[in-house]
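A.B. asks: coordinates only, sequence not included:
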C-alpha cells in the first residue's frame, strides 16, 4: 500500500493494511525477554523441562504482543502526521502457543480512524500468525493517537 494522507485514513476502515515478513522466534529472544521482564517461568526458559512436559519452550504471550510495532514498521505510510503515540489496547487474546523455533508474521487490518481531541484515534486489528498453524498466536486491537502536522525530528 502506498502513502496515505491522514485525512483519508478513515476511508480505509475494514481493509487489510499489510502482512509482514516472517520472523523466527529464537530461544535467545525468549531468554532476553525473560531477563528484561523478570518472567523466568520454566515453560519459556528451561528447554529440557519444557521438552519433557509440553514438547519444547514457548514464547511469552507478552513477547508475542510486543512484536507488533517491530513487525508493523513501515506497513502503513501516513502523510501529514507529526507524531504518533501508543494509546493502548482494547482487546488481546493469546489464542495459541508460539513455540520456540516457529516463525511468526503480522497481519494488520484498519478497524477505524476517528477524530479525537487534536488528533485521530486509529484502531488496528493485529493478528500474529504462526507459520503452518491454523490458529494465530495472538489477536489484538491496538490503538494509536496520530497528531497532524509536519513530521517531528
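C.D. replies: Right, received. Where do you want to start? Everything numeric here is computed off the predicted structure, so don't read it as measured data. Numbering: from 1, shown residues only.
A.B. asks: Just say helix, strand or coil for residue 112.
C.D. replies: strand (DSSP: H, G, I helix; E, B strand; the rest coil).
A.B. asks: can you map out the strands along this structure?
C.D. replies: Ranges of strands in the chain, per DSSP state E, are 4-5, 16-19, 23-24, 78-79, 81-93, 103-116, 119-130, 138-148.
A.B. asks: Flag the shaky bits of the protein, pLDDT-wise.
C.D. replies: 153 (pLDDT under 70).
A.B. asks: hmm, 80 instead?
C.D. replies: 1, 151-153 (pLDDT under 80).
A.B. asks: Which residue of it lies farthest from its centroid?
C.D. replies: Residue farthest from the centre of the chain, counting by Cα atoms, centre = their mean, is residue 52 at 30.0 Å.
A.B. asks: And that residue, how close does it get to residue 40?
C.D. replies: To residue 40, residue 52 is 18 Å away according to Cβ to Cβ, to the nearest Å. Where you see a C-beta, it was placed from the backbone N, CA and C, and this is true even at glycine.
A.B. asks: Which residue is the nearest non-sequential neighbour of the most centrally placed residue in the chain?
C.D. replies: Nearest to the mean C-alpha position of the chain, by Cα atoms, centre = their mean, lies residue 68 at 1.8 Å. Leaving aside its sequence neighbours, residue 68 sits nearest to residue 126 (Cβ to Cβ, 6 or more residues apart in numbering; 5.0 Å).
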